[in-house]
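Asks: 3D model of this:
(3 chains)
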Amino acid sequence: MSDMGLPASVEAIRRVREDPHRLGYRAHGAGEDVEGTGHGTSGPATKRIIVGYGFWIFLLSDIVMFSCFFAAFAVQRGATAGGPSIAQIVDVRRVAFETAALLLSSYTCMLSFAATNKRNLLWTQIFLFVTGLLGLIFVLLELQEFIELAGKGITPQRSGMLTSFFGLVGLHGLHVTLGGVWLATMMAQIQIKGFRREIVHRLICFNLFWHALDIVWIGIFTIVYLMGSGA
Amino acid sequence: MSDIKFDPEHPSGTLDHREDHAPGDEPLEDSGYWVYNANLGLGFSIVLTAAAFFLAGSHIIYGPSIPVALIVLAIAQMGVHLVFFLHITTGPDNTNNVLALAFGVLVVFLIGAGSIWIMDHLNQNMMPMEQMMQMQR
Amino acid sequence: MFGKLDWSAIPISQPIPLITSLVVILVVLGVLGLVTAKGWWPYLWREWITTVDHKRIGIMYCLLGVVMLIRGFADAIMMRTQQALAVGGAQGYLPPEHYNQIFSAHGTIMIFFGAMPLVIGFMNFLVPLQLGVRDVAFPTFNSVSFWLTASGALLVNVSLFLGEFARTGWLPYPPLSEAAYSPGVGVDYYLWAVQISGVGTLVTGINFVTTVLKVRCPGMSYLRMPMFTWTAFASSLIIVAVFPILTATLAMLTLDRYVGWHFFTNTAGGNPMMFMNLIWAWGHPEVYILVLPAFGIFSEIFSTFSGKPLFGYRSMVAATLFICIVSMMVWLHHFFTMGAGPAVNTFFGIASSVIAVGTGVKIYNWIFTMYGGRVRLAVPMLWSMGFIFTFIIGGLTGVLLAVPPADFLVHNSMFLVAHFHNVIVGGVVFALFAGLEFWFPKAFGFRLHEGWGKAAFWLAFFGFWVTFAPLYIVGLMGMTRRLQHVIVPAWAPWLYISAVGVAILALGVISQVVQLVVSIRDREKLRDVTGDPWDGRSLEWATPSPPPFFNYAVLPNVAGEEPYWGIKLRAVETQQLAPEPQYEPIEMPVNSPVGFYTAFFASVFGFAMIWYIWWLAILALVAAYAGFAWFAWRDVHEFEVPVEEVAQADRARRAAREAALARLSEQGALP
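Replies: Alright, predicted model coming up:
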């Protein structure tokens, strides 16, 4: 039904008679302009939204890239080429610590964003520092795992399964490391420049990134470690 | 590029649900809201993670169903992260964000499930490696 | 010190690459010398190299694409002539190791550095103009994207005189592409060139998805966007969805080659078939990335030159989104013969046939757009009609290939080669030439010479069919693709005809170049005074030719589909323009060298990795990061355009339009 409750055919004739060039009449939809959401007729969005949304799209593309490595692992999980199987290399205890570290770092990251919204420099930096520290603990634990395995001759060059294991876990660890470098840069920027508009935009992006890394880790510890250890 | 008459932070003067929000951003909320969400998110995540770790090594439920249970727990925890940490809601201010997420999930599903389905069938039709090596002797 | 690089990398014993390299180097040095002598560097640096203006970046993309298209075409000429000459016992003039590099380079260059830059160039130039805004969502990232693509093109061309290119085809299938079987630098050139430019393309995809969803002028709801913008959006969605797959898969192959991992090796648990699966999960959507904007170009041209709105706009939008989603569900049809079995093959066979429904809807809509309209056979319309005929046949052969049992007979034969050239040339290349002809006046301010344009079209159209129709026939006769010599004499006559066809195509290419030269010479006669030379319907035709760098003095307020058409009709009826708007200062992004800088170090990094020069690679990475951090530290992102400048540009535009209106009124053309 149309805006005025008349049948569509009557509406159509009225429309053609009154506004033949369709200059003042919307092609379809509600009678009044709806702001922002969905219909998007209020003009270009603000920079805050543009930056945040663009980064969200980038994150989704990054998750697609991770899914390729997940698929490779799923395909090659049994390709041990006479070497160790996945159950023989996973250390659930260490993974529990890694998971705790990353989860807590997500929590402190959120708290730092809360402090940012209050424009509280001290607490923002403190929570960001703790986030970085927990991320560092995560990466060090992972490095320890890799070095221990390498010491036993369990390297990615040994078999297809090990290649895709190190590939997937290593890609995630690389992301956490790069996130840490980004974090350090952000902390320096906030300290020197304060809470300028574009700095806050970048903090929004960093938050999205860090939480997304934790989401990917949920997938990794479930599929690679927990399912690998038992199944 | 927004025109100069649009204030960079407040284009229409309204920051309520009628205006789009960047993902994870709730400009009107105060820090109490953030801390509350963070605590809830952490709490739920700890429960789900502990459950997953506990379930993996135990015999509480039927063995072959453990991988399924782990996947369910993982998806639930991803949901907790999305809602409490990333603030992805179904409000009208988040429509674009949810649609983008849905598109991403679709693509991940197509590649992941598609690849596993295809590769598994290819492997089914392939001679096992041991037999192939024997034939080469 | 220099890794694997030494003097033996220069192809002294191979005359063709050697002479080509010398000529290319001389031409490049000549151009650089000319620019230096004329003192053009400050202008080039300020206005083109560091620009973040989407129109200039679009033009640079198109220029890159056209130059690389010519290089790819040169490879094609060599392939056709080799196959015509090397019949029976004759060996032709290209040894197999060289021929293999040529067909690999041909495909790689045409897709990654010819078609993609051209399509993205069009998207860059048009989308902000059609959306009624001033630039894309991330203008500086736009510059980064372009320069990264150029970096990849540079690496591919360096392989001509330093080392070799890949011999593995345009998609480097393992195990042949693994280190054990391709130990040289060829595959590494391919990997780093495509990987670097792939990052650029992904950033473009993100940029345009964000632009179309979040940066539109007031009143521009989704269903008021022009059709080209819709297809650019769908194409960008596919880019965002699938380029990460390319990145991941090439990274896996790179790890296999460099550090001996086992993703795709044929020993130790690697799975070569997994490469085919992943790379085609990217590869099939890739061709839709190319063809959807091509369809968008045709939608604009059909409606403009029929004088009617596009028939079935909403079904076009639906068909576009349908194709966008289904394109990610069909990729297995590229390897039906790899043995997935009947269930899997059937699913993908049916999906591949179903996707033709979307294209069919579009073709019917274009035909119905012409019906009842007043069709003007200008050059863009000629290309469009040539497309309809050519693409329908190409699409039909595609549906034939979508049937697995039929595909088992013609997989990787010349029938396949003829099919995909049929749809890519008929679809994408024809669209690009049509679009170049259509939007050239908007970009440069003068039209292209019509006579030479028509000659170029007819030569291209006949050249295409004479080249590729015989290839369908030899394909059905059993000839496989990528043959360096021809062992079955019965195939020879068809290959001779095909070689003649390539000569006709070459004449077409020459006509295009002559057209450009003649048009530049006669540009005052061909000047586009009003900014609307074709009686256009969408917002880009409301701007002057070329548009000012800020596009619109005041963002338009859109109330219906085809907003510019409505504005024109009202102006004609009231015999005057709308009243002068209230001008205000405008904020525009500042130029930035970060794109050029990043790409420079990406090229150095790629080159260093190819030749195993580890210290240089690390240095380049550090320098690239330093540059990025320095850029992130800048305080000034935008500058303000003063009101007087805005008003002056807009008043000039209004004066030209008023003069045109007055001319029409004098001629008694107005009601």
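Asks: can you give me the strands in chain A?
Replies: With DSSP state E as the definition, chain A shows no strands.
Asks: shaky segments in it?
Replies: A:1-12, A:14-40, A:231 (pLDDT under 70).
Asks: Packing partners of the longest helix along chain A?
Replies: Taking DSSP state H as the criterion, chain A has its longest helix at helix A:160-193. On a contact count with 3 or more CB pairs under 8 Å, 6 or more residues apart in numbering or on different chains; DSSP states H and E, helix A:160-193 meets helix A:47-76, helix A:86-89, helix A:121-151, helix A:197-220, helix C:227-259, helix C:614-632. In this view, the C-beta of every residue, glycine as well, is placed from N, C-alpha and C.
Asks: for those helices, which one sits closest to chain B?
Replies: helix A:47-76 (2.4 Å; CB to the nearest CB).
Asks: Return the list of helices and strands in contact with that closest one.
Replies: helix A:160-193, helix A:197-220, helix B:95-124, helix C:186-214, helix C:227-259, helix C:272-306.
Asks: Could you export the ones you listed as JSON lines, including distance to residue C:35?
Replies: Shown next, in JSON lines, are the helices and strands packed on helix A:47-76 (distance: least, CB to CB, whole Å):
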{"stretch": "helix A:160-193", "distance to residue C:35": "37"}
{"stretch": "helix A:197-220", "distance to residue C:35": "35"}
{"stretch": "helix B:95-124", "distance to residue C:35": "44"}
{"stretch": "helix C:186-214", "distance to residue C:35": "24"}
{"stretch": "helix C:227-259", "distance to residue C:35": "33"}
{"stretch": "helix C:272-306", "distance to residue C:35": "32"}
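Asks: Just tell me which of the ones you listed ends up closest to residue C:633.
Replies: Closest to residue C:633 of the helices and strands packed on helix A:47-76 is helix A:160-193 (CB to CB; 7.2 Å).
Asks: Take the helices and strands packed on helix A:160-193 and lay them out in TSV including mean neighbour count.
Replies: Below are those laid out as TSV (neighbours: other CB atoms under 10 Å in any protein chain shown):
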stretch	mean neighbour count
helix A:47-76	24
helix A:86-89	15
helix A:121-151	17
helix A:197-220	21
helix C:227-259	25
helix C:614-632	15
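Asks: mind putting those helices in JSON lines, distance to residue C:219 included?
Replies: Compiled in JSON lines, the helices and strands packed on helix A:160-193 are given as follows (distance: least, CB to CB, whole Å):
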{"stretch": "helix A:47-76", "distance to residue C:219": "18"}
{"stretch": "helix A:86-89", "distance to residue C:219": "57"}
{"stretch": "helix A:121-151", "distance to residue C:219": "40"}
{"stretch": "helix A:197-220", "distance to residue C:219": "27"}
{"stretch": "helix C:227-259", "distance to residue C:219": "15"}
{"stretch": "helix C:614-632", "distance to residue C:219": "35"}
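Asks: From residue A:138, how far out is residue A:228?
Replies: 19 Å (CB to CB, to the nearest Å).
Asks: by how many degrees do the longest helix of chain A and helix C:272-306 diverge?
Replies: If you take axes from the mean of the first three to the mean of the last three CA atoms, to 10 degrees, helix A:160-193 sits at 60 degrees to helix C:272-306.
Asks: still on that earlier bit, compare the helices and strands packed on helix A:160-193 and report which one is nearest to residue C:546.
Replies: For residue C:546, the closest of the helices and strands packed on helix A:160-193 is helix C:227-259, at 18.3 Å, according to CB to CB.
Asks: What helices and strands are in contact with the closest one?
Replies: helix A:47-76, helix A:160-193, helix B:95-124, helix C:116-131, helix C:186-214, helix C:272-306, helix C:313-326.
Asks: Which one of the ones you listed lies nearest to residue C:371?
Replies: helix C:272-306 (8.3 Å).
Asks: List the buried residues in that closest one.
Replies: C:272-306 (16 or more other CB atoms under 10 Å in any protein chain shown).
Asks: Now do the contacts for residue 127.
Replies: Picked chain A for this. A:108-109, A:111-112, A:115 (CB atoms under 8 Å, 6 or more residues apart in numbering or on different chains).
Asks: that's the wrong chain, I wanted chain C
Replies: Residue C:127 sits in contact with C:54, C:136, C:208, C:211-212, C:228-229, C:232, where contact means CB under 8 Å, 6+ apart.
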